[in-house]
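In: sequence plus the predicted model coming up.
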Amino acid sequence: GVVRSPFEYPQYYLAEPWKYSVLAAYMFMLILLGLPINFMTLYVTIQHKKLRTPLNYILLNLAFANHFMILCGFTITLYTSLHG
């Protein structure tokens, strides 16, 4: 058979355009909620010495890694969802 180029026409067979809009709204909500929550986790743990326990260092590491995930991964997903 003939193979058509994916660059010649919109690829609506992947998902309907409204589904990309829903995904973009969901990612935007995660960014808005995730950044302040992770920042406050980092800030409070650094400010209060009583919270510097081994378990909290693990949680601090997760919050720090999640910060990078939000800034790098979620924003790229948001951008690609908005542009189909």
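Out: Right, received. Where do you want to start?

In: quick check, pLDDT for residue 11.
Out: We have a pLDDT of 69 for residue 11.

In: cool, and residue 74?
Out: pLDDT recorded at residue 74 is 93.

In: cool, and residue 7?
Out: At residue 7, the model reports a pLDDT of 79.

In: residue contacts, the residue most central in space within the chain?
Out: The centroid of the chain falls nearest to residue 74 when counting by C-alpha atoms, centre = their mean (2.4 Å). The contact partners of residue 74, taken as C-beta atoms under 8 Å, 6 or more residues apart in numbering, are 27, 30-31, 34. All C-beta atoms are positioned from the backbone trio N, CA, C, and that covers glycine.

In: 10 Å instead?
Out: Taking C-beta atoms under 10 Å, 6 or more residues apart in numbering as the criterion, residue 74 is in contact with 26-28, 30-31, 34-35, 66.

In: could you pick out the buried ones from those?
Out: The neighbour-count test (16 or more other C-beta atoms under 10 Å) marks 27, 34, 66 as buried among the contacts of residue 74.

In: relative to residue 69, how far out is the first one?
Out: It refers to residue 27. With distances taken as C-beta to C-beta, to the nearest Å, residue 27 is found 12 Å from residue 69.

In: quickly list what's touching both of the two.
Out: Overlap of the contact sets of residue 27 and residue 69 (by C-beta under 10 Å, 6+ apart) consists of 34, 75.

In: residue 56: how many residues sit nearby?
Out: Other residues lying near residue 56 total 16 when counted by other C-beta atoms under 10 Å.

In: picking up where we left off before, want to throw the buried ones among the contacts of residue 74 into a markdown table with pLDDT, secondary structure and distance to residue 81?
Out: Converted to a markdown table, those look like this (pLDDT from 0 to 100; DSSP: H, G, I helix; E, B strand; the rest coil; distance: C-beta to C-beta, whole Å):
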| residue | pLDDT | secondary structure | distance to residue 81 |
| --- | --- | --- | --- |
| 27 | 95 | helix | 6 |
| 34 | 95 | helix | 16 |
| 66 | 95 | helix | 20 |
